[in-house]
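Trainee: predicted model follows, preceded by the sequence.
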Amino acid sequence: MGFLRRRFLATCIVGLALCLLSITLSVSIGSTGIPAGTVWSIVLHKLSLVPITPDWSAGRENIVWDLRLPRALLAAIVGAGLGMAGAVMQSVTRNPLADPHLLGVSAGAGFGANLAILMVGNLLGALTVPLFAFAGALTATAIVVSVAGFTHSTGPTRLVLAGLAVSFVIAAGSNVLIMLADPRAINSVVFWMLGGFGFAQWNNLVFPALALLVSAAAFLRCAEQLNALAMGDESAATLGVNVRRLRILTLTVSAFLTGVLVAFSGMIGFVGLMMPHIARLLIGGDNRRVLPASALLGAIFLVLADVLARRLTAPNDMPIGVVTGLIGGLFFIVLLTRQRG
């Protein structure tokens, strides 16, 4: 077994343990502190995995099972999805600065979600917001790629600038929607603009979890082709990779995943930028390992970031986008400095 493979397995084992610990911490900490042992006893009791006689109050059970655990799981799902989407975008564009937030994908998904909430209503039932968010994310991706191609902006920095420009235009459109909407509906839109997991419920976990599983399967199937693409389009083509088809497929799946995640968590930036870089530092650049490692790191990071957001302004919740924006902005500056060097 090679060194990198052993390191990858060790990283996965440690990552899974840290993910469970971070979820336990998230569920335990709050205005009402609950011991970790009680948390797991409640979870095992609710899942009927172990016969346990309840020695806790109904209030604590409701806090753990109905409020905090769905929130922690949603944070883990969103973090894993954004981390994986960022890794794919960086590979398919050969751009270390690519990220769903910086390339305008999150802004497009947020615009679609806002349009559904403020103007469309419950037209398609529970699928309305996710479908509109996906359509917005896909449209934003197409616009960024078109602008970059039209202006010959193939360099890493220029592609990011094209994404930022499109993000500003989409943000202006979102502001117009807010201005034209019923003032009573504006408070609900703030959630999408700043990001958060306060509305997490068990029935809301199905769509993002399925989107993550389907997208992860598609990404992992394309991992070897993404490795070939790292050597350049011509080299990948000589190895039998249909470069155009690969780009369309991976960018479409990334837009789908980002759209669904934004629909349930709002706009959360920089997770997809940071996690792939940390994963490559730990286990190398093979996408067969970088993709699952980025997902694990993203899950851990976003769960802990949510804990930090809840504690900084307790008993109120600070929007998660504020925390990730602060950390991610500093990381982005460091990354730009390294790119310059």
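Mentor: Okay, I see it.
Trainee: residue 336: neighbour count?
Mentor: 15 (other C-beta atoms under 10 Å). C-beta here means a position set from N, CA and C on the backbone, and glycine is covered the same way.
Trainee: contacts only, for it.
Mentor: residue 97 (C-beta atoms under 8 Å, 6 or more residues apart in numbering).
Trainee: kindly report the same for residue 19.
Mentor: So residue 19 contacts 76, 296, 299, 300, 303 (C-beta under 8 Å, 6+ apart).
Trainee: most surrounded residue in those?
Mentor: In terms of neighbours by other C-beta under 10 Å, these top out with residue 299 at 31 neighbours.
Trainee: in what helix or strand does it lie?
Mentor: Following DSSP states H and E, one finds residue 299 within helix 287-312.
Trainee: buried set for the next helix or strand after that helix?
Mentor: Going down the chain from helix 287-312, the next helix or strand is helix 320-340, by DSSP H and E. Buried residues in helix 320-340, counted by 16 or more other C-beta atoms under 10 Å: 320, 321, 322, 323, 324, 325, 327, 328, 331, 332, 335.
Trainee: isn't the first one up against residue 195?
Mentor: Yes: distance between residue 320 and residue 195: 4.7 Å, which falls inside the contact criterion (C-beta atoms under 8 Å).
Trainee: which residues do the two both contact?
Mentor: Joint contacts of residue 320 and residue 195 (C-beta under 8 Å, 6+ apart) are 265, 266, 268.
Trainee: from those residues, which is closest to residue 46?
Mentor: Nearest to residue 46 among the shared contacts of residue 320 and residue 195, counting by C-beta to C-beta, is residue 265 at 23.7 Å.
Trainee: ok, that closest one touching residue 195?
Mentor: Yes: assessed by C-beta under 8 Å, residue 265 is found in contact with residue 195 at 6.0 Å.
Trainee: quick one: which of those two has more around it?
Mentor: It is residue 265, of residue 265 and residue 195, that has more neighbours when counted by other C-beta under 10 Å, with 29 against 25.
Trainee: who touches residue 225 in this structure?
Mentor: Applying C-beta under 8 Å, 6+ apart, the residues near residue 225 are 236, 241, 246.
Trainee: before we move on, back to that, now for residue 265 and residue 195: what residues contact both?
Mentor: Residues touching both residue 265 and residue 195 (C-beta under 8 Å, 6+ apart) are residue 320.
Trainee: which strands and helices sit next to the helix or strand of the chain with the lowest mean pLDDT?
Mentor: One helix or strand of the chain scores below all others by mean pLDDT, DSSP states H and E: helix 186-194, with a mean of 73. Helix 186-194 sits against helix 105-115, helix 156-180, helix 320-340, with contacts defined as 3 or more C-beta pairs under 8 Å, 6 or more residues apart in numbering; DSSP states H and E.
Trainee: which among these is found nearest to residue 5?
Mentor: Across these, the minimum distance to residue 5, taken as C-beta to C-beta, is reached by helix 320-340, at 27.0 Å.
Trainee: contacting residues around the residue at minimal distance from the centre of the chain?
Mentor: With distances taken as C-alpha atoms, centre = their mean, the residue of the chain nearest its centroid is residue 82 (2.5 Å). The contact partners of residue 82, taken as C-beta under 8 Å, 6+ apart, are 100, 258, 261, 268, 271, 272, 275, 298, 302.
Trainee: give me the three-state assignment for residue 100.
Mentor: At residue 100 the chain is in coil, as set by DSSP: H, G, I helix; E, B strand; the rest coil.
Trainee: look up how far residue 133 lies from the closest residue to residue 32 other than its chain neighbours.
Mentor: Nearest residue to residue 32 in three dimensions, chain neighbours excluded: residue 63, at 6.1 Å (C-beta to C-beta, 6 or more residues apart in numbering). From residue 63 over to residue 133 the distance is 30 Å, taken as C-beta to C-beta, to the nearest Å.
Trainee: more neighbours: which of the two?
Mentor: Ranked by neighbour count (other C-beta under 10 Å), residue 63 and residue 133 place residue 133 first, with 30 against 20.
Trainee: tell me the angle whichever helix or strand that one is part of makes with helix 105-115.
Mentor: Using DSSP H and E, residue 133 sits within helix 128-150. For helix 128-150 against helix 105-115, the angle between stretch directions is 140 degrees (axes from the mean of the first three to the mean of the last three C-alpha atoms, to 10 degrees).
Trainee: against which helices or strands is helix 128-150 packed?
Mentor: Checking 3+ C-beta pairs under 8 Å, 6+ apart, helix 128-150 ends up next to helix 105-115, helix 156-180, helix 243-265.
Trainee: so which of those gets nearest residue 31?
Mentor: Of all the helices and strands packed on helix 128-150, it is helix 243-265 that lies closest to residue 31, at 21.9 Å by C-beta to C-beta.
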